[in-house]
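Return a 3D structure for these sequence lines:
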Amino acid sequence: MYILYALTLGLFVIGKSFAEDYDYVEGYFDQKIDHFNFLSHGNQTYKQRYLFNATWWDVGRGPIFFYAGNEGDVVGFWKNTGFIFKAAKQFNALVLFAEHRYYGKSLPFGNDSFKGDNIGFLSVSQALSDYAFFLRRFQETHKAEKCPIIAFGGSYGGMLAAYMRFKYPNIIHGAIAASAPLYQVAGKIPGEVFFQAVTKDFSDISPKCEAQVRLAFSQLDKWAAMGQSGYSEISQTFHLCKPINSAQDYEHLLRWARNAFVSAAMMDYPYAASFMGNFPAFPVKVMCNRLQSAARPADGLCQAVSLYYNASETENCFDIYQEYIYCADPTGCGLGFDATAWDYQACTEINLEGSTSGTVDMFPVLPFTSQMRDEYCYKTYKVLPRRNYLDVEYWGGATWWDVGRGPIFFYLGNEGDIVGLLKNNGFIFKAAKQFNALALFVEHRYYGKSLPFGNDSFKPENIGFLSVDQALSDYAFFIRRFQETHKAEKCPVIAFGGSYGGILAAYMRFKYPNIILGSIAASAPLYQVSGKVSGDIFFQVVTKDFHDISPQCEAQVRSAFSQLDKWAAMGQSGYSEIARTFRLCKPLNSAQDYEHLLRWARNAFVSVAMMDYPYPASAIGNLPAFPVKVMCNRLQSAARPVDGLCQAVALYYNASETVNCFDIYQEYIYCADPTGCGLGFDATAWDYQACTEINLEGSTWGTVDMFPALPFTSQMRDEYCYKTYKVLPRRNYLDVQFWGEDISSATNIVFSNGNLDPWAPGGILKNISDSLVAVMIDGGAHHLDFKEDHPEDPASVIFARDFELANIGKWLQEYYDKLYQ
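The predicted structure follows:
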């Protein structure tokens, strides 16, 4: 268990004789059990423990020094991380420790936390999300929103501190990551190096010390080869409580003995310490002295390991099966829940494979290979390790492609069939031609044909795996595998996306800068979907689009809706008049039907405003060039405003002019997106996302917009979503997970928006830094810049595309300069 438990050396730990006891306030935070599946366990929470000390804090102004709890009880880390208190005194900081889920007292399911499927919620990603949401809430409740947070951590906690800075630079200002073996646990360095370093520690004390260890293990091998008589000799020499009787027992004893050297090497402090056992000062030197002063090498080995296993000198015998537990960490695990948790993590994402061979290290041949790990983990937990998980998660069309060298231009599929997106995003192919790139489109999970459970994907037990986080991980692992299979590991990847896809393109650069070199995020309303911009603005821009064609156009729309309200107030006779005027397939019979018609009509204006291109387009319906202007002409040329309204919405709902009547319940589906959802699986998927993490609340009021009062409030969304999916929206989810408005830590992203696009106010409209840049397209609607070049393109979109290409060229030049320098 302890390969990562305390590699912090002298930076964090204060020796026993120098340590101070620092008081703490203990608290418990209601933490989500599952951050990534909005349906699992009914959105239940668990009590996450935290400790803090505000003795030196400049309240509301001073920094927060946050220790990311690792694999153990958080109180133990509090008592053994004195450096953080020294730093807090110097900088007037608050000290805050949070316990890692499944360790200490932070057990999501109490004593049942390690049973069956319950243990599956133990992961690095879940733990980091715990910390992120906890910190945000802690800042809010302590009025410390402007207090910078520095993350601290040692060993596995040091990894977490670094990962927090990687993934949440909007929350973590900096990180001190002590003895954090990021490369090793991500599988980039073989675990054998660990045991070689232990060997070197002893050899550096004295080459004779290393030689004595080798001689001792050699003597044990000779005894073991004798069979039962040899096992008896070993048992007597090592004072074992139970004699060893088999080759399996003997191998366990060897691992037990090796672990004592590992622990002493990690805790080789210049003073006595009790963090992992009670060690004297310079324990490696003490062990060497014992080895070299013994009559026989085997006796010296016994005396050396007893420094770790019998520091109190009160043990009469050694129980090797209690003192060393074989597990997925080759240095062994302990007993209890903390040990089980670490073992499970070593079976899933933490790579701790490592063997000794007796050649480049001083230990016996004790393998722990990938196959052995697989067999153990499947037998114990029914899981197989994902060896490249940390490497990917935490940065560890080929027509024109310069194979194996040219860049990969990657379009992130959004809320629809990938083929439709490929056909409507010609700009990526223009860019691919210019830079000899491969164009690659990947479909979003739960859309198109990418259904995890086939036609059962949207059943309650299955839909919960639909989320932004899951989709981004899909893309990350897909890209890495694609690069491997196409021998393109050194080919830089540029992400492209429009609308929701543009949001994903930006998020990919935020979260996976190890994979994504840069992103072009077109019409990506990051601020709006994270709840930082009111959804009502969307409809105000739609109104402005029509007003800018002609103020009389807006006036006609208002007059038409006013007339409809008067008819509706008449009851059934009025409903009949509305149904005749709009040529409805089914009559209106209630206020509910009438409200649905209003939303249906409003949606036509919304869709046309988004697609107000200077040429005919079919991305959303078949619309003519400048469709907003065409709708205004219809509105203003009709005999009555209501007739004009009918003719205007027909531009969207009857572009083919072959529809005899309108079925408003088929053409507009009420859902968690106030602009409506369609039919089919894609619509269900988008509706579910709008019920969980994508904030699309927005209302019209007939005052600052031209539409009837059609609210879609937080309460309405909650009621709809719970009724439909048994979920409640997590409104601050994207704000925390994907940085909200605080995205300045990111680099290499172009944000493009059109001033006609209703989504534009929810996006990034101004430069944030030299490498987080924005371009506004005057006369541009929803991601017009991603379309193919067209003779009717305004100069502004030509400029925007050139601007995007120039930035791509800059990123690629910097990448290749560094690669080949």
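
The residue most central in space within the chain: which element?
Closest to where the C-alpha atoms of the chain average out (CA atoms, centre = their mean) is Asp469, at 5.1 Å. Of the helices and strands defined by DSSP states H and E, Asp469 is found in helix 468-485.

Go ahead and measure how far that helix is from the middle of the chain.
13 Å (CA atoms, centre = their mean, to the nearest Å).

tell me the contacts of Pro616?
Asn622, Leu623, Pro624, Ala625 (CB atoms under 8 Å, 6 or more residues apart in numbering). For glycine as for every other residue, the C-beta is placed from the backbone atoms N, C-alpha and C.

how far away is it from Val419?
Per CB to CB, to the nearest Å, Pro616 is found 20 Å from Val419.

need the strands for the stretch 701-821 of the chain, in chain order.
Per DSSP state E, counting those that start in this stretch, the stretch 701-821 of the chain carries strands over the ranges 749-754, 772-777.

Please identify the most buried of those strands.
Comparing the strands of the stretch 701-821 of the chain by mean neighbour count (mean count of other CB atoms under 10 Å), strand 749-754 ranks first with a mean of 28.

Run through who's touching it.
With CB under 8 Å, 6+ apart as the criterion, strand 749-754 contacts 502, 505-506, 509, 518-524, 759-760, 763-765, 771-785, 797, 800, 803-804, 807.

Tell me what angle that strand forms with strand 772-777.
20 degrees (axes from the mean of the first three to the mean of the last three CA atoms, to 10 degrees).

quick one, phi psi at Tyr46?
Here is the backbone geometry of Tyr46 (degrees, to the nearest 10): phi -130, psi 170.

ok, how many other residues are close to it?
Using other CB atoms under 10 Å, Tyr46 is surrounded by 21 other residues.

So it versus Glu140, what's the distance?
Per CB to CB, Tyr46 is found 20 Å from Glu140.

can the strands of the stretch 701-821 of the chain go into TSV with extra columns for distance to Lys89 and mean pLDDT?
Formatted as TSV, the strands of the stretch 701-821 of the chain follow (distance: least, CB to CB, whole Å; pLDDT from 0 to 100):
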stretch	distance to Lys89	mean pLDDT
strand 749-754	39	98
strand 772-777	36	98
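
ok, the residue nearest to the centre of the chain touching Phe738?
No - contact criterion CB atoms under 8 Å: Asp469 and Phe738 do not qualify, at 9.2 Å.

Can you pick out the ones from the contacts of strand 749-754 that are in helices?
Among the contacts of strand 749-754, the residues falling in helices (DSSP state H) are Gly502, Ala505, Ala506, Arg509, Val797, Ala800, Phe803, Glu804, Asn807.

Which one of those is nearest to Phe368?
Arg509 (37.1 Å; CB to CB).

Would you mind measuring from that closest one to Gln434?
21 Å.

Over to Pro551?
Distance from Pro551 to Gln434, by CB to CB: 43 Å.

How about Gly174?
For Gly174 relative to Gln434 (CB to CB), the value is 39 Å.

Name the SS class of Gly358, please.
Judged by DSSP: H, G, I helix; E, B strand; the rest coil, the three-state class of Gly358 is coil.

got the phi/psi numbers for Asn660?
phi -90, psi -30.

What of the one 3 residues further on?
Backbone torsions for Asp663, taken as degrees, to the nearest 10, come to phi -100, psi 90.

Quick one: neighbours of it, just the number.
13.

That one against Phe582, yeah?
No - using CB under 8 Å, Asp663 is not in contact with Phe582, being 11.1 Å away.

so Tyr46 makes contact with Pro108?
Yes - contact criterion CB under 8 Å: Tyr46 and Pro108 qualify, at 3.9 Å.

Mutual contacts of the two, please.
With CB under 8 Å, 6+ apart as the test, Tyr46 and Pro108 both reach Ile33, Arg101.

and Ile768, what does it touch?
Ile743, Ser744, Ala774.

for the first one, phi and psi?
If I follow you right, that is Ile743. phi -110, psi 10.

try the one 5 residues further on
Taking degrees, to the nearest 10, you get phi 60, psi 50 for the backbone angles of Asn748.

can you count the residues close to it?
Asn748 has 22 nearby residues by other CB under 10 Å.

Bridge partners for the nearest residue to it once chain neighbours are set aside, pull those for me.
Distances taken as CB to CB, 6 or more residues apart in numbering put Gly518 closest to Asn748, at 3.5 Å, once the chain neighbours are dropped. As for beta bridges, Gly518 partners with Ile494 under DSSP bridges.

Is it correct that Gly518 is in contact with Ala506?
No - applying CB under 8 Å as the test, Gly518 and Ala506 come out as separate, 10.4 Å apart.

any chance of the contacts of Pro616 in JSON lines, with neighbour count, secondary structure and pLDDT too?
Shown next, in JSON lines, are these (neighbours: other CB atoms under 10 Å; DSSP: H, G, I helix; E, B strand; the rest coil; pLDDT from 0 to 100):
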{"residue": "Asn622", "neighbour count": "13", "secondary structure": "coil", "pLDDT": "85"}
{"residue": "Leu623", "neighbour count": "24", "secondary structure": "strand", "pLDDT": "92"}
{"residue": "Pro624", "neighbour count": "15", "secondary structure": "coil", "pLDDT": "94"}
{"residue": "Ala625", "neighbour count": "14", "secondary structure": "coil", "pLDDT": "95"}
